[in-house]
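A.B. asks: pasting the structure only:
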């Protein structure tokens, strides 16, 4: 490692010791401009280059070959004029409006020209091409021109003329050291691209080229790779990777790769990306592999740290590099680092997890048999069982290791239960089921982030699973029928297989027995799901099987309900506990079946609704009533029953049947459910029940909304439910009370630490239910401001839901959406204003800073399509001005809410050029007194807002003179 370090220092010192500016000039080489004239026909004129070089390059009115040829011809006849034109190209590319005088004579002094150009940037917003939307195409055009012009110059005897290279490189060296960012950034880009082109031309082995290149390396690259601006540092590192990619056909040694690895310790994601991409390419080259490996060992902790970072793509690249280095040098990672990498298999980022799984795959491959390899995977998962993310584990290995799809070996192990522990059995069954699911569907586990959402099923997975597992599935179900976790996963397997008629009938009988013996709700749900799938695959015996099953389930519930009521009536405490448990099991069974099958005709919905209403009444009277679990199950059953009834009515209407009586019954059930659910939401102390009632209510409000009104059937139209104001207020009150209690940081910390994840999931579910009402026009969009106001505070935990809601609301009515944003900011503003004695104090508060951040987040959304969002932006400004300038007191006094203009000011960049003038006029129309001329702090928001509008107007006029 010391040898590499010493080599780099030696090479750098040698380069720095060269007196590059003392390149012999052309007279000492015996060359003259006259010699150059012999190489070209004198056909170019000043008129042909009347347009600037940049304009010619960008407009593409001429080919690059023609532009470069004319430029070289100009240089042959008028070297100073050509150099001035090239310098003008650099200045114009950096956004400078300075024009170098056409009669600028020799000697050409770069510092004088640059000082004059820099003066043009004073007191101006530094917007220049490299940071605008067109930056990519701009960079490509500039790079292509430089490459073409240098090839044109060097392919002629101009290369022998020191005048051109010496002045161009000198100008770029000075410009790249400018304090003016646009000039420094653009000059650095041009210098780097010039170095890349010169490096490509190394085959010429010309000493002058090498001296020029090393000058730029020392004076530009080594300085600018430590620049304060991320883009400039990233640019330098990216170009360094390009130079080294030509190794050994380049002007620097392999030791200079240290610059790329040092960039990994930068604090910019852009620099990390440039560095990682370059290193990944370079480590593939045989002549650089050893250097990469040595530097990889030195910076292994940096790579490991990056692999655990927040940026998914960068973390994936860092882990990929680390694994490649580890394969080549096993001692690269110590035991502690290996344990960290192992845990990254459970990471949310899919690329990182799959890259780290490669390490485990190589470890598992050292086992001698397939059985040992599978058991090694199982033991690894048990080692980190606290993660409880088996789907993530399977996904990490899927497509990279055959262990998770080695179902034959797993089956052999399961058929010999005496050889494994109870815990190992459950893990094998879970991993086998998840492996089958992913192989058949190609689905990525929920919550895992990836850049590619394309499903990748395994070819022949259904046939393979059906051949290997299905013949023994009944045996496994009998063998592991006691453990509910094992049964739950085994019951999922039929969904991904093709069964014969005999196999389906055998499984149906077995599952029917399980349904009436198991009490676990998850197992019952899996049973119902498996039965639905098997009934579809084996339709012939379905009617009788299904009818018998559903009737038996309903009878079981009726008996359990009667026994429970009898125990209450006789006050038999000993029997009450047993009958309550029996009722719970029966309700779970009905709920699981109702989710998959229509129980119409059994009158189960009427019975459960009566029980639910009675339970609500009894809880108010503080007498014995249904337990919390029973009430939650009753809510689910009622919800599913109403959904089935609506589906059945709609299907009947589609075939022309009369549904008047059915619609009347359905409307009655719906009203009864809403009364019960809203009562629970408003009065229940048990949050789990309230949440279930809330979500079910929101979903049914959406189902029975405007889509029914558009039906051609009168009876179906009558089912449209119009919520009362009180009902909507009840829902709004609950979502604010439950979802937005506490702070967003606390919620995120709890979720990351694994504390109460189910509570956060429940809150997100409730918020999503309320948001459905907003973007389905059940709740006025303006009322959505009640939840939008928490967008900044809870951005980490609910930002995705609120953002999706706002995007949907925008599609309803843009003006209404603009008013909703206005009202949202107003809600927060009023709270901030009420908490402080005066406007000046409020403006300096942390809460007001968060309000401005909220406005900026809204601005990001509006910025996606300024033309489409124009009505929203206009109403934001007009309504904001009207509120801020309203004088509730004497007309001569300052408006008390003038501070609100600071919030409105955040939306000035989103105004279209044609609207800025209108907003200014509207502002002036509301401020006829003009008392703000006294420059006090109280009037500062108005002055700043007006100044911001004027600046935006001036800029728009500058870019579009027609305005």
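C.D. replies: Structure's in. What do you need? The model shown is predicted, which means the values in this text are computed figures rather than measured ones.
A.B. asks: what's the model's confidence in stretch 780-798, averaged?
C.D. replies: Mean pLDDT, stretch 780-798: 93.
A.B. asks: From the opening residue of it to its closing one, how far?
C.D. replies: 21 Å (C-alpha to C-alpha, to the nearest Å).
A.B. asks: Check stretch 771-780 too.
C.D. replies: End-to-end distance (C-alpha to C-alpha), stretch 771-780: 11 Å.
A.B. asks: List of residues touching that stretch?
C.D. replies: 698-699, 701-702, 705-706, 723, 728, 731-732, 770, 781, 783-784, 787, 801-802, 804-805, 808-809, 811-812, 816 (C-beta atoms under 8 Å, 6 or more residues apart in numbering). The way it works is simple: take the backbone N, C-alpha and C, and place the C-beta from them, glycine included.
A.B. asks: ChimeraX command for the buried members of the residues you listed?
C.D. replies: Burial among those is assessed by 16 or more other C-beta atoms under 10 Å; the matching ChimeraX selection reads:
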select :698,699,701,702,705,723,728,731,732,770,781,783,784,787,801,802,805,808,809,816
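A.B. asks: Now, the contacts of stretch 771-780 that are in helices?
C.D. replies: Counting by DSSP state H, the members of the contacts of stretch 771-780 that fall within helices are 698-699, 701-702, 706, 728, 731-732, 770, 787, 801-802, 804-805, 808-809, 811-812, 816.
A.B. asks: And the strands in the stretch 301-450 of the chain?
C.D. replies: In the stretch 301-450 of the chain, no segments count as strands under DSSP state E, counting those that start in this stretch.
A.B. asks: can you give me the helices in it?
C.D. replies: 312-328, 335-343, 350-364, 370-383, 390-397, 407-414, 422-441 (DSSP state H, counting those that start in this stretch).
A.B. asks: winner for burial among those?
C.D. replies: Comparing these by mean neighbour count (mean count of other C-beta atoms under 10 Å), helix 390-397 comes out on top with a mean of 24.
A.B. asks: between that one and helix 370-383, how many degrees?
C.D. replies: Orientation check (axes from the mean of the first three to the mean of the last three C-alpha atoms, to 10 degrees): helix 390-397 against helix 370-383 gives 130 degrees.
A.B. asks: Distance from the chain centre to helix 390-397, please.
C.D. replies: 21 Å (C-alpha atoms, centre = their mean, to the nearest Å).
A.B. asks: packing partners for it?
C.D. replies: helix 350-364, helix 370-383, helix 422-441 (3 or more C-beta pairs under 8 Å, 6 or more residues apart in numbering; DSSP states H and E).
A.B. asks: Out of those helices, which is closest to residue 904?
C.D. replies: Residue 904 sits nearest to helix 350-364 of all these, at 42.2 Å, using C-beta to C-beta.
A.B. asks: relative to helix 390-397, how tilted is that closest one?
C.D. replies: Going by the same axes, to 10 degrees, helix 350-364 makes 80 degrees with helix 390-397.
A.B. asks: can you give me the angle helix 350-364 makes with helix 312-328?
C.D. replies: 20 degrees.
A.B. asks: Give me the mean pLDDT for helix 350-364.
C.D. replies: Model confidence over helix 350-364, given as mean pLDDT, is 89.
A.B. asks: From the recorded domain assignment, give the ranges for this protein.
C.D. replies: Per the record, the chain has its domains at 18-224, 226-326, 350-538, 813-963, by automatic domain parsing.
A.B. asks: ok now the third one, how far from the chain's centre?
C.D. replies: The gap between the average C-alpha position of domain 350-538 and the chain average comes to 30 Å, counting by C-alpha atoms, centre = their mean.
A.B. asks: try the last one
C.D. replies: Centroid displacement of domain 813-963 relative to its chain, using C-alpha atoms, centre = their mean, is 30 Å.
A.B. asks: Kindly report the same for the second one.
C.D. replies: Put simply, domain 226-326 sits 25 Å off its chain's centre (C-alpha atoms, centre = their mean).
A.B. asks: okay, and for the stretch 751-900 of the chain, where does confidence drop off?
C.D. replies: For the stretch 751-900 of the chain, the stretches with pLDDT under 70 are 751-757, 887-892.
A.B. asks: how about 90 then?
C.D. replies: For the stretch 751-900 of the chain, the stretches flagged by pLDDT under 90 are 751-761, 777, 796-797, 836-841, 843-844, 863-866, 885-897.
A.B. asks: And for the stretch 351-500 of the chain?
C.D. replies: Ranges of the stretch 351-500 of the chain meeting pLDDT under 90: 351, 355, 358-363, 365-368, 383-389, 399-400, 417-419, 446-456, 500.
A.B. asks: let's see 80
C.D. replies: The stretch 351-500 of the chain contains residues with pLDDT under 80 at 385-388, 451-455.
A.B. asks: what sits against the residue nearest the centre of the chain?
C.D. replies: Nearest to the centroid of the C-alpha atoms of the chain, with distances taken as C-alpha atoms, centre = their mean, sits residue 449, at 8.3 Å. The contact partners of residue 449, taken as C-beta under 8 Å, 6+ apart, are 312, 348, 349, 350.
A.B. asks: quick one: which of these is nearest to residue 558?
C.D. replies: residue 348 (47.0 Å).
A.B. asks: What count of nearby residues applies to the closest one?
C.D. replies: 14 (other C-beta atoms under 10 Å).
A.B. asks: Roughly how far does it sit from residue 411?
C.D. replies: From residue 348 across to residue 411, the span is 31 Å (C-beta to C-beta, to the nearest Å).
A.B. asks: can I get the helices of the stretch 301-450 of the chain in JSON lines with distance to residue 81?
C.D. replies: Listed next are the helices of the stretch 301-450 of the chain as JSON lines, based on distance: least, C-beta to C-beta, whole Å:
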{"stretch": "helix 312-328", "distance to residue 81": "47"}
{"stretch": "helix 335-343", "distance to residue 81": "61"}
{"stretch": "helix 350-364", "distance to residue 81": "54"}
{"stretch": "helix 370-383", "distance to residue 81": "72"}
{"stretch": "helix 390-397", "distance to residue 81": "64"}
{"stretch": "helix 407-414", "distance to residue 81": "78"}
{"stretch": "helix 422-441", "distance to residue 81": "68"}
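A.B. asks: between the ones you listed, which gets nearest to residue 857?
C.D. replies: Nearest of the helices of the stretch 301-450 of the chain to residue 857, taken as C-beta to C-beta: helix 312-328 at 21.6 Å.
A.B. asks: So which bits of stretch 183-203 are buried?
C.D. replies: Neighbour counts over stretch 183-203 (16+ other C-beta under 10 Å) mark 183-202 as buried.
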